[in-house]
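S.K.: build me a structure from this.
(chains A and B)
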Amino acid sequence: MLQFIARRTGIMILTVLCLTFIVFFLTNLYPNLEKLAKTQGNFRMSEEQVATWLDNRGYGRNVFVKYGEWLGVVPGYVIEGTDGETRARCARKGTSVEDAPTYCGILQGDWGYSTVSKDNAGPLLWNRLKLTGFLMMWALIITVPVALILGIFAGMKEGSKTDRSVSTFSILSSATPEYVSGVVLIAVFASSAVGLKWVKGSAAQAMTAPDLSNFTLPVLTIALFNIGYIARMTRASMAEVMTAQYIRTARLKGVSFWGVVFKHALRNALIAPFTIIILQIPYLLTGVVITETLFNYKGIGWQLVQAAGNNDIEMLLGVSVVSVIIVLVTQLISDIGYVYLNPRIRLN
Amino acid sequence: MDPLSWGGIIGAVLWQFLPVWIALFLTFAISIHFKSSLGLYGKLFDSMIGMIGFFLVMFWIYTGLFTALFDLISTHDPLAQIPEMKNKVPGWALPEARVDQGLYPHYLLGGDNLGRDVFSRMVKGSWVVIQIAPLAALFAYMVGITLGLPAGYYGGKFDTVLSFLANLILAFPVILLFYLLVTPEIVQTGIPAYMAAVLFIFPIVFVGILLNSKFVTRPEIRTPLLVVVLGISFWLYASLVSEQARGTIVDILPSWLDLFNIPGGVLVVFVSVVFVNSPTIFRIVRGLTLDVKSRDYVSAAQTRGESPWYIMLWEILPNVRGPLIVDFCLRIGYTTILLGTLGFFGLGLPPESPDWGSTINDGRRLLSVYLHPPLAPALALLSLVLGLNLLADGLREESLKD
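M.R.: Presented below is the predicted three-dimensional model:
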């Protein structure tokens, strides 16, 4: 087991390095840097001015060196600019060039500097992550029990009326991407023209004071798409277990239907949904980006859109590191959990 | 002109779709009549779910084809703006002066925030999806199959490296990848053109190996066949790739030989959608191959001395077609959702493009006041994806029966 986790962690670190380098490389392509220079400096800069602006701030160097700096394995630059000012990568607000540390990268816990927010990316990222975590937590609290109950009831008696209606609902909901269900939900529940006006169509206030009126729709939007998918998988798994020999044996021995469902079927039927729920978390992330943009909720997804739109390089890298780690850790958890839940699977 | 009532709107919309109804009626009548001799396609008409799914999918395919090829169905130019019609409710009448110019007298589903006809934009938007989604899914399949079959069949280092790469791409949040690839700045660097040059070579490799392994024992058929097929596909390939890469090394074809041009935005969208989908298909095909390769008929083929590629493409692939066909339908649906996502974030396609995602994005700012502009494309997208999912379900049900 330990060896398995160690090997997986090794592959994980390699994956994170590869992915962050890809993001780093793409954001550091010259046209992107040119855009950055023009938005940070001014829009009427000539070609040469852009080049000097970039050189003075250390952007003009080899991409591997810059990546090393960002990681914290190469000392940060100290450049005496052509405009007479000396700039150092590690010198931020309040620290002079002389006092600046030599290394400042992700390994030293420095997440870099957001050029859009004019602030350190680390704390900002942490705030956004907390907001998104809160949203995802509620989405999961709604999704998991509802989806499991629906799936179990549908799969218990295949072909029954409950089964038909749950299957219809789940096909419909898993065919509705968040940007469609969000629009429909706002139209029905929040529109000031014809809707029911029960809740608000924006979650901007939910960041400081979340309550039912501003938090219901975002949570529901994320939950709806996933409920359908998980319910479908649970139904399939439950239906398969219910046809197994040992269930029939238990029924023939005179155990009541509900006794069979709860004592014999449930545990085996929940193995597959468990993996699916855990693996669903990365997809939740995509839904979160759409939902946060639609409802103007400033979490990590909203930040991703902002950073990517403005080529806020270090912020974007921070967001990618966080989201890639979420994806990989959930994969690892699902693999380990699967082994524990299903005694038929043996490592090696 | 008076505005239309709700009944009038529904009637007029149904009437506009008349060519689609006729085409659908013919399709269903002919298919049900000959259903016993049509294989899996015919069996689809035994299942209610499959029929509903097929109906929804064909509805949008016919709509897309008729608007794009014959300019039927849509009532107005999807880009024309009529200032008087800004944010007007469904069924609103056009000003007299415009009607006298010969325009259709109503905006059937209202006007959007720029005074464009919501109905026509929704109808035209179907063409964008019909053009890109199935083709992108097909290309992703070619890439996934060409790499997944040998990875599963041979295993070893080749498999390890490819699986690692596939997992790498899958670990990327899709939206981040889109934001990195589908921006004007990246298009400027030519990276999408290089990616297109790499990804689009797979269909040619696939077709080449497919035909070569089948006819290798009969050189008199094989050689001319390969020359013709590969010649044509290389020409198409070069036409597709050259335009985006003027002045770079992939600029192979002089412009007088260039058959067609695809606008830069569309190509980037296409490439990134193929790129995002291929790893998943690679994993599916690899898994299926691993499962099937220990079967007796594969050993028998090996004993007969058939070449590895013949075994992969003509023994293994036809035997795993069931799950692949089902996944193909789901994949088109997923690609439709991805295209919508791209439009929703305003990536790739031009901003005035009538595709559903962009229209939803345009409309969402005024959503709480005027909800008809984003609602129409949202429901259109929902019905198409639903249709594809139902179709996949129907196919799965019917293919499991035998």
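S.K.: contacts and neighbour counts: CA atoms only from here.
M.R.: Will do.
S.K.: any idea how far B:Phe328 is from chain A?
M.R.: 15 Å (CA to the nearest CA, to the nearest Å).
S.K.: state the number of residues packed around that residue.
M.R.: Using other CA atoms under 10 Å in any protein chain shown, B:Phe328 is surrounded by 20 other residues.
S.K.: quick one, strands of the chain?
M.R.: Since no chain was named, I'll use chain A. Ranges of strands within chain A are A:78-80, A:86-88, A:113-114, A:119-120, based on DSSP state E.
S.K.: meant chain B actually
M.R.: B:92-93, B:106-107.
S.K.: in JSON lines, list these along with mean neighbour count and mean pLDDT.
M.R.: Below are these laid out as JSON lines (neighbours: other CA atoms under 10 Å in any protein chain shown; pLDDT from 0 to 100):
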{"stretch": "strand B:92-93", "mean neighbour count": "21", "mean pLDDT": "80"}
{"stretch": "strand B:106-107", "mean neighbour count": "26", "mean pLDDT": "82"}
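S.K.: which helix of chain B spans the most residues?
M.R.: helix B:118-154 (DSSP state H).
S.K.: center of the chain - which residue?
M.R.: Reading this off chain A. Against the mean C-alpha coordinate of chain A, by CA atoms, centre = their mean, the closest residue is A:Leu285 at 3.1 Å.
S.K.: not quite, I wanted chain B
M.R.: Central residue of chain B (CA atoms, centre = their mean): B:Ala133, at 1.3 Å.
S.K.: report the contact partners of that one.
M.R.: B:Ala133 sits next to B:Ile332, B:Gly333, B:Thr335, B:Thr336, B:Leu339 when contact means CA atoms under 8 Å, 6 or more residues apart in numbering or on different chains.
S.K.: distance of the closest residue to the fourth one other than its chain neighbours relative to B:Phe270?
M.R.: Translated: B:Thr336. Take B:Thr336 and drop its neighbours on the chain: the residue closest to it by CA to CA, 6 or more residues apart in numbering or on different chains is B:Ala133, 5.9 Å away. Between B:Ala133 and B:Phe270 the computed distance is 8 Å (CA to CA, to the nearest Å).
S.K.: what about the contacts of B:Ala133, which are in helices?
M.R.: Per DSSP H, those map to helices at B:Ile332, B:Gly333, B:Thr335, B:Thr336, B:Leu339.
S.K.: want to try JSON lines for these, with neighbour count, pLDDT and distance to A:Ala147 as columns?
M.R.: Output for the ones in helices among the contacts of B:Ala133, formatted as JSON lines (neighbours: other CA atoms under 10 Å in any protein chain shown; pLDDT from 0 to 100; distance: CA to CA, whole Å):
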{"residue": "B:Ile332", "neighbour count": "24", "pLDDT": "92", "distance to A:Ala147": "25"}
{"residue": "B:Gly333", "neighbour count": "26", "pLDDT": "91", "distance to A:Ala147": "22"}
{"residue": "B:Thr335", "neighbour count": "25", "pLDDT": "92", "distance to A:Ala147": "25"}
{"residue": "B:Thr336", "neighbour count": "29", "pLDDT": "92", "distance to A:Ala147": "25"}
{"residue": "B:Leu339", "neighbour count": "25", "pLDDT": "90", "distance to A:Ala147": "27"}
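S.K.: thought B:Ser74 was touching B:Lys124?
M.R.: Yes - between B:Ser74 and B:Lys124 there is a contact at 7.2 Å, judged by CA atoms under 8 Å.
S.K.: show the pLDDT at the closest residue to chain A within the stretch 151-300 of chain B.
M.R.: Nearest residue of the stretch 151-300 of chain B to chain A (CA to the nearest CA) works out as B:Glu185 at 5.3 Å. Listed pLDDT for B:Glu185 reads 78.
S.K.: which residues does the closest residue to it other than its chain neighbours contact?
M.R.: Counting by CA to CA, 6+ apart, A:Pro31 is the residue found nearest to B:Glu185 once chain neighbours are left out, at 5.3 Å. The contact partners of A:Pro31, by CA under 8 Å, 6+ apart, come to B:Glu185, B:Ile186, B:Gln188, B:Thr189.
S.K.: so B:Pro134 touches B:Leu339, yeah?
M.R.: No - because the distance of 11.6 Å does not satisfy CA under 8 Å, B:Pro134 is recorded as not touching B:Leu339.
S.K.: what is in contact with the two at once?
M.R.: By CA under 8 Å, 6+ apart, no residue touches both B:Pro134 and B:Leu339.
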